[in-house]
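S.K.: Pasting a predicted model and its sequence here:
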Amino acid sequence: MIDDGWQPERGKDKAGVGTWDRGNEKFPDMAGLAAEIRRAGARPGVWIRPLQATGDSHDSWRLPRDRAFLDPTVPEVRQKVASDIARLRQWGFELIKHDYTTFDIFGRWGFQMGAALTKDGWTFASGPGRTTAEVINELYLTIRTAAKESLVIGCNTVSHLSAGHFEICRVGDDTSGTNWSRTRKMGVNTLAFRGTQHGAFYVADADCVGVTNAVPWVYNRQWLDLLARSGTMLFVSLAPDALGAAERRDLKEALALASSTHPLAEPLDWQRTVYPARWRLMGRERTYDWVGGDGAGLP
């Protein structure tokens, strides 16, 4: 899965410019790369932020709320989105992950919304004649149609509107390879309380295991084990310098385990903690230690 960073003019400020028709100097041949991944025995996947405006985007294409993003009610914008998604598929990518559409439309993360999804005083270019849900649904359909036979994973999407459009959904916020408490909050908690959507709305992705030297393996290997046995999707993001013999052994076992079908994981102590430690997995109960012996955990 090739994440953010392959697009041209990505920049050190981490603000790509919405150009998706070629890779940058580190990714000079995206179609060739997809073919190389396939020859290695894997299925290639790629990331895109479809509503990010390019520097030369027509002014009429831009969202009135924030000109840095594209307005999905503009027909030419939807055509651009469709062309960008179709290009990824034509390059040979079998999994397309689209990201940020909720934030780019509303200008707020979910935890910032409260009773108001976005600020007052603006409408889409098409005017107030349709609900925001209808606008989002049309965008999702555009993406799904353009992807054709490729699988689609929605990240930062509206859950119930994703159902029926996308095969996979990132159901939580990002976990972390540097901050264990974030993985516990955004990973363990997400799997426990949104895992029931797996197989009902879509395949659930509670986010990856970030294998780095910043998080002790005693913690990360438990998150890896839980995901591998959970029946949901398992992603791992690996820093090569963090892969010792123990990490390689555990990863090999976990990936093999996750490649087969299992019953959905069931948290057993979810009424008493936001980070369930007791789980029913593959017909047996397992207990994890998310905070350590002193109860303090990691920062």
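M.R.: Yep, it's here.
S.K.: For residue 177, see how far away residue 285 is.
M.R.: 29 Å (Cβ to Cβ, to the nearest Å). Where you see a C-beta, it was placed from the backbone N, CA and C, and this is true even at glycine.
S.K.: Mind listing residues that contact stretch 149-169?
M.R.: For stretch 149-169, the external contacting residues (Cβ atoms under 8 Å, 6 or more residues apart in numbering) are 45, 88-89, 93-103, 133, 136-137, 140-141, 143-144, 170-171, 194, 197, 200-205, 233.
S.K.: which of those residues are buried?
M.R.: 45, 88-89, 93-103, 136-137, 140, 143-144, 170-171, 194, 197, 201-205, 233 (16 or more other Cβ atoms under 10 Å).
S.K.: circling back: of the contacts of stretch 149-169, which belong to helices?
M.R.: Residues of the contacts of stretch 149-169 located in helices (DSSP state H): 88-89, 101-103, 133, 136-137, 140-141, 143-144, 194.
S.K.: farthest pair in these?
M.R.: The largest separation in those, counting by Cβ to Cβ, is between 89 and 194 at 28.2 Å.
S.K.: okay but residue 228 is in contact with residue 254, surely?
M.R.: Yes. With contact defined as Cβ atoms under 8 Å, residue 228 counts as touching residue 254 (3.9 Å).
S.K.: Now do the shared contacts for these two.
M.R.: residue 234.
S.K.: Same drill for those two, tell me which one is more crowded.
M.R.: Higher neighbour count among residue 228 and residue 254: residue 228, with 25 against 21, using other Cβ atoms under 10 Å.
S.K.: Pull the contacting residues for the more buried one.
M.R.: Here residue 228 is in contact with 234, 253-255, 257-258 (Cβ under 8 Å, 6+ apart).
S.K.: Check those and tell me the two furthest apart.
M.R.: Farthest-apart pair in the contacts of residue 228 is 234 and 253; separation 11.9 Å (Cβ to Cβ).
S.K.: Helices along the stretch 1-150 of the chain, start to end?
M.R.: Using DSSP state H, counting those that start in this stretch, the helices of the stretch 1-150 of the chain run over 30-39, 75-91, 101-106, 110-113, 132-147.
S.K.: hey, which of the ones you listed is tucked in deepest?
M.R.: helix 101-106 (a mean of 21; mean count of other Cβ atoms under 10 Å).
S.K.: Which other helices and strands does that helix contact?
M.R.: Judged by 3 or more Cβ pairs under 8 Å, 6 or more residues apart in numbering; DSSP states H and E, helix 101-106 is in contact with helix 132-147.
S.K.: Can you add distance to residue 5, pLDDT and secondary structure and give the contacts of residue 228 back as TSV?
M.R.: As requested, the contacts of residue 228 are exported to TSV (distance: Cβ to Cβ, whole Å; pLDDT from 0 to 100; DSSP: H, G, I helix; E, B strand; the rest coil):
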residue	distance to residue 5	pLDDT	secondary structure
234	22	96	coil
253	29	97	helix
254	25	97	helix
255	23	96	helix
257	30	96	helix
258	25	96	helix
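S.K.: which one among those gets closest to residue 274?
M.R.: Here the nearest of those to residue 274, counting by Cβ to Cβ, is residue 234; it sits at 22.1 Å.
S.K.: residues contacting the closest one?
M.R.: Residue 234 neighbours (Cβ under 8 Å, 6+ apart): 209, 224, 227-228, 254-255, 258.
S.K.: What of residue 215?
M.R.: With Cβ under 8 Å, 6+ apart, residue 215 has these contacts: 176-180, 183, 298.
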